[in-house]
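Asks: pasting the structure only:
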């Protein structure tokens, strides 16, 4: 599971999903747009359009799927509820992973039912190179005894562990910067998949963001 607002989806999101699948030898990566993210502001584009852009971005990429389950659910997009839904479909023995970036990881103790996340899945943090700030005390307590040092150790059981993972490409692309460039009428070429860029420009998304 790789969640986010995908507002809009960009090449950093998609390349991370591909490299995450390779690094952990995953069957597939569910890219799940949030409808109402509890700890972030309201997305700039409607959920159905963000999902359509995500599907365009993924195209025929093997092992990646645009999963609309959070858009079909009322209320805040709690990751614990999403993982429970995936766990119900995949069964108790399946190895389930929730991947997130370093900024989201540092706030993990503030998420809804953070202990439940580990009961349902492993957590994989996509490390940010050169970022070494100490973790908040509540996060340290949540992670106590959970961290493992390799994908093999992570996959030894269905859930409950934490792995920090450095991906090869480390593409640093900001959706905020993409929106700013679109609002200013500047080029976003090579930041977005061509099909995503074409749809955004055709419909004028983010032009007033």
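Replies: That came through fine. Keep in mind it's a predicted model, so treat the numbers as computed, not measured. Numbers count the residues shown, from 1 in each chain.
Asks: next, the buried residues of stretch 33-46.
Replies: Buried residues in stretch 33-46, counted by 16 or more other CB atoms under 10 Å: 33, 34, 35, 36, 37, 43, 44, 45. Heads up, the C-betas are built off the backbone N, CA and C, glycines and all.
Asks: scratch that, stretch 152-164
Replies: Going by neighbour count (16+ other CB under 10 Å), the buried part of stretch 152-164 is 154, 155, 158, 159, 160, 161, 162, 163.
Asks: in helices only, show me these.
Replies: Residues of those located in helices (DSSP state H): residue 154.
Asks: would you mind confirming that residue 189 makes contact with residue 196?
Replies: No: between residue 189 and residue 196 there is no contact under CB atoms under 8 Å: 11.4 Å.
Asks: and those two? Which one has more around it.
Replies: Neighbour count, other CB atoms under 10 Å: between residue 189 and residue 196, residue 196 has more, with 27 against 9.
Asks: gap between the more buried one and residue 67?
Replies: Counting by CB to CB, to the nearest Å, the gap from residue 196 to residue 67 is 17 Å.
Asks: which helix in this structure runs the most residues?
Replies: Longest helix in the chain by number of residues, with DSSP H as the criterion: helix 11-24.
Asks: and that helix, what does it pack against?
Replies: Counting contacts by 3 or more CB pairs under 8 Å, 6 or more residues apart in numbering; DSSP states H and E, helix 11-24 packs against strand 2-4, strand 29-33, helix 47-58, strand 64-66, strand 97-101, strand 122-126, helix 151-154, strand 162-165.
Asks: between those, which one is closest to residue 183.
Replies: Among the helices and strands packed on helix 11-24, helix 47-58 comes nearest to residue 183, with 16.4 Å by CB to CB.
Asks: for the closest one, what is the average pLDDT?
Replies: The average pLDDT within helix 47-58 is 97.
Asks: what of stretch 12-19?
Replies: Mean pLDDT, computed over stretch 12-19, is 96.
Asks: buried stuff in it?
Replies: For stretch 12-19, by 16+ other CB under 10 Å, it's 12, 13, 14, 15, 16, 17, 18, 19.
Asks: from the buried residues of stretch 152-164, pick the one nearest residue 127.
Replies: residue 163 (9.9 Å).
Asks: can you tell me which residues contact that closest one?
Replies: Residue 163 is in contact with 122, 123, 124, 125, 147, 148, 149, 150, 151, 153, 154, counting by CB atoms under 8 Å, 6 or more residues apart in numbering.
Asks: do residue 122 as well
Replies: Here residue 122 is in contact with 95, 96, 97, 98, 154, 159, 160, 161, 162, 163 (criterion: CB under 8 Å, 6+ apart).
Asks: tell me what it is bridged to.
Replies: residue 97 (DSSP bridges).
Asks: straight-line length of stretch 149-161, end to end?
Replies: One end of stretch 149-161 to the other measures 10 Å (CA to CA, to the nearest Å).
Asks: who are the packing partners of the lowest-mean-pLDDT helix or strand in the chain?
Replies: Between all helices and strands in the chain, the lowest mean by mean pLDDT, DSSP states H and E belongs to helix 102-106, at a mean of 90. Here helix 102-106 touches strand 122-126, going by 3+ CB pairs under 8 Å, 6+ apart.
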